[in-house]
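# Sequence plus predicted model, see below.
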Amino acid sequence: MVLMNPVISKLTGKLVVLASASPRRLEILTNVKHLKTPDIVIGADTVVTVDGLILEKPVDKQDAYRMLSRLSGKEHSVFTGVAIILCHEKEEIDYQVIDFYEETKVKFADLSDDLLWEYINSGEPMDKAGGYGIQALGGMLVEYVHGDFLNVVGFPLNQFCKKLGLIFSPPGSLTHNSVPWTLVNNLSKCSENGEDEPQGTSDPAAPDLTSRGTMQMQNVRENETEDGKEKLSKMIELMDGFKASKVLFTASKLHVFDVLRSSKTGELQAEDVAQEIKASMKGTERLLEACVSLGLLQRTGKEYANTAMSRHFLLSDGPLSLQGYIQHCNELVWPLFTHLETAVREGTNQHEKAFGKSSDNLFQDAYYSRHEVKLRFMKAMHSIAKVSGRDVATAFDLSKYKTACDLGGCTGAMAYEFAKAHPGLSVTMFDLPEVIEMSGHFRPHDADDRVSFVAGDFFKDELPKADVYILARILHDWSDEKVHILLSKIAKACNPGCCVLVSEIFLDEDRKGPSRGLLQALSMTEGRQRSASEYSLLLKSHGFTTAQVKHTHNLLDAILCVAE
Ligand SMILES: C[S@@+](CC[C@H](N)C(=O)[O-])C[C@H]1O[C@@H](n2cnc3c(N)ncnc32)[C@H](O)[C@@H]1O
């Protein structure tokens, strides 16, 4: 027990309930520790098996004789299943069940009837499954024991201590295989009839702790299993998510990625970066190190460089640059999210709190009220359209159509993608006048002249005639009521066979994801996120039949609906 003490002493100061009335188990455990505070329940049950049979407690002397004579001259197995239940009481009782079993082989000598009856008449077999107790007179029946002797007595102390060691050892020393999770049902119990026997069978009436509806199955010490560690690291990722976002936003705002790209070798030391971005050495070094940890930068010795991911998405002038959207997130979405609690309490957008100005019309009041804010918003839309536009444009075969109108097309990025993907298609980009007047800023150098620009308000003005109406990231901004106004205008402009292509983040039908859609919804004003079938229904009510839904696995999905 001296060797066990460092492990078993982990129980010191805890109230341990031995969920068994077995005096032998109690003795084994109390011999090795003192028990104080209420947080562990230990259950155990022992069975004897021979010839594929489980031997229970004998019901009378004849039964004991039948059992012992069956064991005579043969090897049998003694199994003890143990459950360690770590209890934790918060609002509800949480608990973690760690269970395992131990098998010991026992061989009985050839036993004469006289010897058996002498033993049976001693009274010892009657409260013991298998009909014997190895630690007392029954020991004389045994030729050999292979395995843990105490397991036959009723408690596999050696393995129990190993499990305790794993439970209470520092994270890192535990492997998934070391904690078997399967044996939970046949665990021992607080026996109501007094003596709970070693070598007994499990009680079918014993509570199945895994299926108690009222208790939440959560692991108190879950961080000490592989699965628990995964959950913990997911928790930490969630808790730190805002820090990671802010590191990305700050490094972008300070042009760290552009600065590194512009250096002769594509690499710079922290002090050079600090000088270039006009920031402190200490702060820059911390920022660069954090960027390395997030995979945004790489470091060789003292030299920092962009990673492939940063080169792809984070250089200001890259074809797939997300800088516009990052800036929008930092300057607009971030302040809104700092008021999330109020937004949740009130069920309203927090634009006024965040920016000191109400926004009845999101676009006119919030995005387009100031030139630089409008430009920033347009850059954000542009960067997402550049990244996702090709997948949306190629989602469906549009070869039979000649004209398309991209309603609320913003910078035209999506319209150009459609023109590129469909050589027979001319695309009219339609947006508010204040947007159209700035769309020239975003005109690609190889701009296709099949793309034209028309200014107007899609709720009020006549819509350009087209075979295909594209609504990319439009409908989510509006209530069902406004969506109906817009769709009825489109339906009026459509001839039979014309179609509407809606591109949005489609929520899963059970609204359990994707999280980027559900997170975005938190800062919405009057709009809402919808599933593909919700969009389909909205369109159906205006005479459009859903032809196809495409999950692009890019940022935006798409649905194509044809006018009947
Ligand atoms: C979220 S952005 C989507 C931009 C673009 N479709 C895309 O996917 O990148 C919404 C667009 O709808 C435009 N919009 C908002 N209200 C409008 C209206 N009443 N009439 C025309 N366009 C409008 C905005 O100017 C903006 O460009």
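The structure has been received and is ready for your questions.
# From now on I want contacts and neighbour counts done on CA atoms only, so please keep to that.
Will do.
# Enumerate the residues of this protein near the ligand.
Listed as neighbours of the ligand in the chain under the rule CA under 6 Å from any ligand atom: 363, 381-382, 385, 408-410, 431-432, 435, 456-459, 472-474.
# 5 Å - rerun?
Contacts of the chain with the ligand, taken as CA under 5 Å from any ligand atom, map to 381, 385, 408-410, 431-432, 457-458, 472-473.
# Now for the residues you listed: which two are most distant?
Across the residues of the chain next to the ligand, the longest distance by CA to CA is 20.8 Å; it joins A385 and D457.
# Counting neighbours, go ahead and name the busier of the two.
Remark: of A385 and D457, A385 carries more neighbours, 28 against 15, as counted by other CA atoms under 10 Å.
# Past whichever strand or helix holds that one, which element shows up next along the chain?
In this assignment (DSSP states H and E), A385 forms part of helix 371-393. Next along the chain after helix 371-393, taking DSSP H and E as the criterion, comes strand 403-407.
# buried ones in the helix or strand just after that following strand?
Per DSSP H and E, the first helix or strand lying C-terminal to strand 403-407 is helix 413-421. The neighbour-count check on helix 413-421 (16 or more other CA atoms under 10 Å) flags 413-421 as buried.
# before we move on, what about stretch 444-462?
Going by neighbour count (16+ other CA under 10 Å), the buried part of stretch 444-462 is 448, 450-451, 453-456, 458.
# still on that earlier bit, report the distance from the helix holding A385 to the chain centre.
29 Å (CA atoms, centre = their mean, to the nearest Å).
# Which neighbouring elements make contact with that helix?
Helices and strands touching helix 371-393, as assessed by 3 or more CA pairs under 8 Å, 6 or more residues apart in numbering; DSSP states H and E, comprise helix 323-328, helix 413-421.
# how about these in TSV, adding mean pLDDT?
Shown next, in TSV, are the helices and strands packed on helix 371-393 (pLDDT from 0 to 100):
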stretch	mean pLDDT
helix 323-328	98
helix 413-421	98
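# what's the pLDDT at the residue nearest the centre of the chain?
Centroid-nearest residue in the chain: K234, 6.8 Å away (criterion: CA atoms, centre = their mean). Predicted confidence (pLDDT) for K234: 95.
# need the contact list for it.
With CA atoms under 8 Å, 6 or more residues apart in numbering as the criterion, no residue contacts K234.
# May I have the phi/psi pair for F100?
Backbone torsions of F100, given as degrees, to the nearest 10, read phi -160, psi 170.
# my read: it touches I85, true?
No. Assessed by CA atoms under 8 Å, F100 is found out of contact with I85, at 11.7 Å.
# tell me which residues of the helix or strand hosting L232 are tucked away?
If you go by DSSP H and E, L232 is part of helix 226-253. Neighbour counts over helix 226-253 (16+ other CA under 10 Å) mark 226, 228-229, 244-245, 247-252 as buried.
# next one: stretch 259-275
Residues of stretch 259-275 classed as buried under the neighbour-count rule (16+ other CA under 10 Å) are 259-261, 267-274.
# Low-confidence stretches in the stretch 401-550 of the chain?
Of all residues in the stretch 401-550 of the chain, none has pLDDT under 70.
# Now do the contacts for the residue in the stretch 151-300 of the chain positioned nearest to the ligand.
Nearest residue of the stretch 151-300 of the chain to the ligand: F249, at 20.6 Å (CA to the nearest ligand atom). The contact partners of F249, taken as CA under 8 Å, 6+ apart, are 326-327, 329-330.
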